[in-house]
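J.: fold the following.
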Amino acid sequence: MAGLRFPDLQSRPTEFLDFTSLTLDEFQQLVPPFEAAFHARMAAWRLDGKPRTARRFTVYKNCPLRTPEDRLLFILAYLKTYALQVVQGRLFGMGQSKAHQWIHALLPVLLAALRALGDAPARSLTALAQRLGVSEADAAPVVDALEETPALVAPVPAAALASPLVPMTGRNGASSAPKTLRNRRHVRAARKRTTPSKMSCSSMPCSSSSF
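T.: Model prediction:
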């Protein structure tokens, strides 16, 4: 089945940025280390995650991700959108099981490429200090400031306050729906009694005589 490919987005920079969070130039800089990390992994592991013991990895003609650019686009789009695997597979022209294999194969490849470029996230204070080129004592206030910064609450625009949808939305965890009593075992529904009209024929004998 046909799917999304790198040439489909190459000529649309805004859409390319929406899919990958990278500009085209940034993407092209990431391709060589990503492809080197990919072949290093595939030399030791098969696509299904099992150790490679026989023939070496080759890209077949029916491979859904034949080029380095397609492989990098696939994993960046997954990380950006975090779609269901069946959706990710449909987007790139493969089934859910094959998308599952590619995702788990390319995630460590991308991390290895970012580490080779020195762009991988720092996981410790020591790594952050080395990244910034300062001592751990100088890097510690940066970490403390990030941890103590409160989450910013975006102000509600004045136009939104006039919207009829705003009063209909309650706070998280609060529901404006009427509560249902659950402590009673039986619920009885009473039918409203109706009083027949005094002028109705059912409340008085109807005379068949004429005046």
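J.: low-confidence stretches in this structure?
T.: 1, 120-123, 139, 142-211 (pLDDT under 70).
J.: what do you get if the cut-off is 90, keeping everything else the same?
T.: 1-3, 47-49, 52-64, 82, 115-211 (pLDDT under 90).
J.: now the helices for it?
T.: Assigned by DSSP state H, the chain shows helices spanning 6-10, 13-20, 24-44, 68-81, 85-91, 96-117, 125-132, 136-148, 158-161.
J.: so which of the ones you listed has the densest surroundings on average?
T.: The highest mean neighbour count among the helices of the chain belongs to helix 68-81 (a mean of 20), with neighbours defined as mean count of other CB atoms under 10 Å. Glycine gets a C-beta too; all of them are placed from N, C-alpha and C.
J.: report the backbone C-alpha coordinates of that one in CSV.
T.: Output in CSV follows, covering the C-alpha atoms of helix 68-81 (Å, rounded to 0.1, in the frame of the first residue of the first chain):
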residue,chain,number,x,y,z
PRO,A,68,17.4,7.0,5.0
GLU,A,69,15.1,10.1,4.7
ASP,A,70,12.0,7.9,4.9
ARG,A,71,13.2,6.1,8.0
LEU,A,72,14.1,9.3,9.8
LEU,A,73,10.8,11.0,8.7
PHE,A,74,8.9,7.9,10.0
ILE,A,75,10.3,8.0,13.5
LEU,A,76,10.3,11.8,13.9
ALA,A,77,6.6,11.9,12.8
TYR,A,78,5.8,9.2,15.3
LEU,A,79,7.5,11.2,18.1
LYS,A,80,5.8,14.4,17.1
THR,A,81,2.3,13.1,16.7
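J.: use 54 as the first number for this chain going forward.
T.: Renumbered: residue one is now 54, and that last one reads helix 121-134.
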